[in-house]
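> how does the following fold in three dimensions:
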Amino acid sequence: MTSKAFGLAQLGNVYNDGALSNRNLIINGAMQVAQRGTSVAGKSDALYHTVDRFVNNTTTGAVWTYTQESDAPSGFSKSFKCEVTTANASPATSYYSVIQHRLEGQNLQSIAKGTSDANPVTVSFWAKSNVTGTYQFNLVDVDNTRLAGNTYSISSSGVWEYKTITIPADAVGVLGSGNQESLTAEWWLSSGTDWSSGAVPTTWEASTSNDRNAGSTVNLADTIGNYFQITGVQLEVGDTATPFEHRSYGQELALCQRYYEVDNPDTPTIFGESIRGVAYHPINGSGGALNRDGPFQSFKVNKRASPTLVLYSYAGTAGRVSPITTAGDYAAFQVKNGPTGFQVSSSVYGEFHVWFAWSADAEL
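Got it, this is the predicted structure:
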């Protein structure tokens, strides 16, 4: 039977390795938030799809379906699934498919990377695949072009397995302290030899492309129906993987909205269901038109930087707003936006109202 003294000693060890709260540097690690939708098919690109903060970075050569799944290990309710729908059994040398999570430098200062007080970090996650074998995980120091990683194994087909990898401390290369991408976590699924002909970077090194998937024995893209699922992702300071730090859905959503926000979060693919902007434009005494701003539309969460704002007409057309009256003209509407919100303005002669939905993207 474990004594209370022993338990307290172990708790002390965990505390020495990292904070008891705010340990997890990953946002949406339980895959709860999917503002863009729960499923997207036919993808072979380098964009965010479905679950927030996890980007699918894929070159041409295979086609994927990405979904937020209600299939997860005990203690979780959601996972992120990548499934092959067009296979590529012999990828070109430059081909790759990798899941990435990109982190801001100002959120990483506790690692103390590039100093004499540098700390190791540990990643832990649950993974499931129908393809057994050896896979590779890396951390990429974007600021200093450095790389470290290691391999893990999927031992049983179709079974959730818990994985932990510790990345050693690095006294070389201080991470930036601003709002730009400084560190990237990556899970490799498939690649050509440009990415796999080197050696696994088990200690920090100058980034070498052919080391990034050198330890893999798997080409997940080689057969239609192959899949990889992941959830419970945690990255924390220290050499010990602690229990997953669960945050509420509201907390995770707010953290995700710093990078991306859509005005219909419950049905993100349906736009124009309500009036999102109304602007009034008076006629001046000389008969000319005055440029006027509509009311300021505040974001729910201030964005990481001024976002790319896309307006959608009520018919779902990107880049357009829909005048309710014929007095409006698409070309006359302009948008002013920043990290806190945006305004729609117009030089249309007379009074007008507009109807639109929007998305704001400030992703790394």
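
> which helix or which strand is home to Val233?
Per DSSP states H and E, Val233 falls inside strand 227-237.

> contact partners of the following helix or strand past that strand?
Using DSSP H and E, the helix or strand that follows strand 227-237 towards the C-terminus is helix 249-257. The contact list for helix 249-257 (Cβ atoms under 8 Å, 6 or more residues apart in numbering) reads 27-28, 30, 32-33, 35, 52-53, 247, 265, 299-301. (C-beta placed from N, C-alpha, C; glycine too.)

> now those as a markdown table including distance to Gly232 and pLDDT?
Converted to a markdown table, the contacts of helix 249-257 look like this (distance: Cβ to Cβ, whole Å; pLDDT from 0 to 100):
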| residue | distance to Gly232 | pLDDT |
| --- | --- | --- |
| Ile27 | 14 | 98 |
| Asn28 | 11 | 98 |
| Ala30 | 6 | 98 |
| Gln32 | 11 | 98 |
| Val33 | 15 | 97 |
| Gln35 | 20 | 93 |
| Asp52 | 16 | 98 |
| Arg53 | 14 | 98 |
| Arg247 | 12 | 97 |
| Pro265 | 23 | 50 |
| Phe299 | 29 | 91 |
| Lys300 | 26 | 93 |
| Val301 | 24 | 96 |
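
> check the residues you listed and tell me the two furthest apart.
Spatially, the most separated pair among the contacts of helix 249-257 is Ala30 and Phe299, at 23.7 Å (Cβ to Cβ).

> returning to that earlier point: quick check: ChimeraX command selecting the buried ones in the contacts of helix 249-257.
Those of the contacts of helix 249-257 that count as buried under 16 or more other Cβ atoms under 10 Å are selected in ChimeraX with:
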select :27,28,30,32,33,35,52,53,247,299,301
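
> show me the contacts for the residue nearest the centre of the chain.
What sits nearest the mean C-alpha location of the chain, by Cα atoms, centre = their mean, is Arg53, with 1.6 Å. By Cβ under 8 Å, 6+ apart, the contact set of Arg53 is 26-28, 33, 101-102, 256, 259.

> just give the number of residues close to the closest residue to Gln106 other than its chain neighbours.
Leaving out its chain neighbours, the residue that sits closest to Gln106 by Cβ to Cβ, 6 or more residues apart in numbering is Ser177, at 5.2 Å. Around Ser177 there are 14 other residues, counting by other Cβ atoms under 10 Å.

> before we move on, what about the one 3 residues further on?
A total of 15 residues lie near Gln180 under the criterion other Cβ under 10 Å.

> how about it, what does it touch?
Shown in contact with Gln180 (Cβ under 8 Å, 6+ apart): 104-105, 364.

> check Asn28 too.
When contacts are counted by Cβ under 8 Å, 6+ apart, Asn28 is found next to 51-54, 252, 255-256.

> any idea of the pLDDT on Asn291?
Each residue has a pLDDT score; the one for Asn291 is 53.

> then Tyr135?
Looking at Tyr135, its pLDDT is 98.

> who does it bridge with?
Taking DSSP bridges as the rule, Tyr135 bridges to Tyr152.

> my guess is it contacts Glu186. True?
No - using Cβ atoms under 8 Å, Tyr135 makes no contact with Glu186, being 10.9 Å away.

> what's the overlap in contacts for those two?
Common neighbours of Tyr135 and Glu186 are not found (criterion: Cβ under 8 Å, 6+ apart).

> Asp71: what's its closest spatial neighbour, skipping adjacent residues?
Ser79 (5.8 Å).

> can you get me a residue count around that neighbour?
Here the number of neighbours of Ser79 (other Cβ under 10 Å) works out to 23.

> show me what contacts it?
Residues in contact with Ser79, defined by Cβ under 8 Å, 6+ apart, are 31, 68-69, 71-72, 126, 128, 229-231.

> try 6 Å this time
31, 69, 71-72, 229, 231 (Cβ atoms under 6 Å, 6 or more residues apart in numbering).

> what are the ranges of the helices in the protein?
Taking DSSP state H as the test, the helices found in the chain are 4-17, 249-257.

> those: lowest mean pLDDT?
Lowest mean pLDDT within the helices of the chain: helix 4-17, a mean of 50.

> before we move on, back to that, let's see if you can find the most crowded of the contacts of Asn28.
Greatest neighbour count in those, by other Cβ under 10 Å, goes to Val51: 31 neighbours.

> so how far is Pro339 from that residue?
23 Å (Cβ to Cβ, to the nearest Å).

> what about Gly178, neighbour count?
Neighbours of Gly178 (other Cβ under 10 Å): 12.

> could you do the one 4 residues further on as well?
Here the count is done by other Cβ under 10 Å, and Ser182 has 27 residues near it.

> not counting its neighbours along the chain, what's nearest it?
Gly105 (3.3 Å).

> which residues touch Asn213?
For Asn213, the contact set (Cβ under 6 Å, 6+ apart) comprises 136, 188, 191, 195-196.

> recalculate using a threshold of 10 Å.
When contacts are counted by Cβ atoms under 10 Å, 6 or more residues apart in numbering, Asn213 touches 96-98, 135-136, 138, 149, 151, 186, 188-198, 200, 219.

> coming back round to it: which members of the contacts of helix 249-257 are positioned in strands?
With DSSP state E as the criterion, strands contain none of these.
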